[in-house]
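Undergrad: Coordinates for the following, if possible.
(chains A and B)
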Amino acid sequence: MKTEAQQYFEDEMHLFRDNPVINWHEHVWESKPGVLNESTLQNLLFAGKQTHTDLFMISCPITNDQFCTPERFRLANNVVLGAVKRYPKRLRGMCFVNPGYTKEALEEIDRCRANGFVGVKMYHQYRMDDPVQFPIIEKCIKLDMPILMHAGKLTYQPESQPRISHGEYFAHVAKRYPEANLIMAHITGGGDWHWQLKGMEKCPNVVLDISGSVIDSPVVEECVARIGASRILYGTDGSTSSGVGKVLAANISEKDKKTILAGTKYRHFLEKE
Amino acid sequence: MVIDSCTYTGHWPFRKLSCETLAQTAARAEKAKITHIVCTNLNAIFYIDAMEGNREFLDELKNYYGKVTVLPFAVINPTYIEWERDIQECAELGFSGIQLTPQYHGYTLNDSRAIKAYQMAGDLGLTVKVDVGFENIRQRSQMDTFADVSGDEIAAMLSASSKPTTIVSTGYPAGMGSAIIDAANKRDNVFFNLIYVDSFTGRQLEDCIRAYTAKRLCFGTVSPFRYIEPQYVKLFCSGAFDSDGLEDILYKNLQGKIKGC
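TA: Residues are numbered from 1 along each chain as shown, chains lettered A, B, ... in the order given. Presented below is the predicted three-dimensional model:
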């Protein structure tokens, strides 16, 4: 016997059940370098099944090493590749690199691309507008690959991530490379979302993903009002209930919700070989 | 029946909320099939005399005719003159409970005045609610406080009296230290909502059940600060609870423990 609340929730979940759901920000993790932590993968697949998610873009960024070496990021990408090969209909890869090693990073992007990876993922080894990023961005433009960049405007302990990219840095790059396809990661997971959103209003080549644990009302409504649903991608980044719930709850049109879940603007990146 | 253990009316000084009136907060709840809301007036936290905000809330409540049952909670500032009289008055005015907000009133919960307020609430049959924090700490305004209420402080308060039903809100119940787990598990009237607990990949829900059992967990949303539906996703999609456990969390654990429900 379902409660009224359960019935209400099930009715709302038709949105996920009956429409394409593409999650642009998720991860698998290592138990040790180059070895998949199987439970992170299985938990992700379980969450996807429970929430009717069709496809995950996954990466394995090295988050605790400012000087992450090429050997290290290759191992991490091998972990992603292994997971994608096992579940090709559920997972697609995002290639993590440290742009500080230009030659090796560019070679790794080629290798990952040849293995079907969709885009490039970068963490806070460098700020988005650091010149060391430029060859990577130019490579992605040439290959027509999007870049998912770890982002945030921290108001608490900003010194913990001194090279994290906030809206101003994204705006510099968006202006310098208007043909680049940039994803500002987790607007709802990286600090002051008002700042981030305001900074992206005039940057049409930057899209936002709404992954992260922050479920401030009315963040999704604000994003849609300021930049439009077509520039918003669905994601969770480890926060499944938050990610699903904020889309269900947002006071926006069903059409806009479907646009976000399908990632309509970025759909063509998934259709390549 | 669904009891939301944490909602607000009033104005928040640091950002615009989705709604600022009781009728709007209750309407959000009603849409999501919530039947009862524990509700506090934010204005009472920030007015120099919290009682002005509490009385304002009662005025708002008098003009509320919605379907959702409102369980009004009063803000008590035990550092302000005549606060003992305030608690007494709140009980007489029909408040269901009191909320302590030490992070905005310059004390800690192990302060002797806070302890006394807690004991008085128990004697008067008032539930006590404490929010560990309001906004997510990573994005607070620089004008806001960055000091959350600690598990050890709450544990000290819990140890001072076993009488008041107590709601610990907006924390990560399994991650607040062993002192609070020990103190809460000695009693059957301390409850933790799951607002900041995520599910699936982190398995945080299971950790909370291990620490306290599902009998000590309750539903909450912090509406209108946060969306309501993510709370349902974690309960209904995660597979962490059977139907009995769900009912316990949605309403049974709190039913009859707070005046008015």
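Undergrad: Neighbours of A:Pro218, how many?
TA: As a burial measure, A:Pro218 scores 20 neighbours (other CB atoms under 10 Å in any protein chain shown). (Each C-beta comes from the backbone N, C-alpha and C, glycine too.)
Undergrad: give the contact list for it.
TA: Going by CB atoms under 8 Å, 6 or more residues apart in numbering or on different chains, A:Pro218 touches A:Ala250, A:Asn251, B:Ser18.
Undergrad: Out of those, list just those in helices.
TA: For these, not one is inside helices, with DSSP state H as the criterion.
Undergrad: quick one: which of these has the most company?
TA: When neighbours are taken as other CB under 10 Å, the top entry among these is A:Ala250 (23 neighbours).
Undergrad: Just give the nearest non-adjacent residue to that residue, would you?
TA: Using CB to CB, 6 or more residues apart in numbering or on different chains and skipping residues adjacent in sequence, the residue nearest A:Ala250 is A:Val220, 3.7 Å away.
Undergrad: The one you found belongs to a helix?
TA: Yes - assessed by DSSP: H, G, I helix; E, B strand; the rest coil, A:Val220 belongs to a helix.
Undergrad: okay, the closest residue to A:Val214 other than its chain neighbours: pLDDT?
TA: Setting aside the residues directly before and after it, A:Val214 is nearest to A:Thr188 in space (CB to CB, 6+ apart), at 3.9 Å. pLDDT, A:Thr188: 96.
Undergrad: In contact with A:Thr188, which residues?
TA: By CB under 8 Å, 6+ apart, the contact list for A:Thr188 reads A:Ile210, A:Ser211, A:Gly212, A:Ser213, A:Val214, A:Ile215, A:Asp216, A:Val219, A:Ser242, A:Lys246.
Undergrad: As a check, name the ranges of all helices in the chain.
TA: Picked chain A for this. For chain A, helices defined by DSSP H occupy the ranges A:4-12, A:14-17, A:38-50, A:70-86, A:102-114, A:134-143, A:167-176, A:193-200, A:219-227, A:240-249, A:254-262.
Undergrad: nope, chain B
TA: Taking DSSP H as the criterion, chain B carries its helices at B:22-31, B:42-46, B:50-62, B:83-93, B:102-105, B:112-123, B:151-160, B:178-185, B:204-212, B:229-236, B:243-247.
Undergrad: Can you tell me which of those helices is nearest to chain A?
TA: Of all those, it is helix B:229-236 that lies closest to chain A, at 2.7 Å by CB to the nearest CB.
Undergrad: Let me know the angle separating the closest one from helix A:4-12.
TA: Using axes from the mean of the first three to the mean of the last three CA atoms, to 10 degrees, the direction of helix B:229-236 lies 110 degrees away from that of helix A:4-12.
Undergrad: just checking, B:Ala184 touches B:Phe192?
TA: Yes - contact criterion CB atoms under 8 Å: B:Ala184 and B:Phe192 qualify, at 7.5 Å.
Undergrad: can you list residues touching both of these two?
TA: Common neighbours of B:Ala184 and B:Phe192, using CB under 8 Å, 6+ apart, are B:Val168, B:Tyr212, B:Arg216.
Undergrad: Could you list the low-confidence segments of the chain?
TA: Going with chain A. Applying pLDDT under 70 to chain A picks out residues A:272-273.
Undergrad: actually chain B
TA: Across chain B (using pLDDT under 70), the flagged ranges come out as B:199, B:201-202.
Undergrad: For A:Gln7, find the nearest of the helices of chain B.
TA: Within these, the stretch nearest A:Gln7 is helix B:229-236; the backing value is 10.3 Å (CB to CB).
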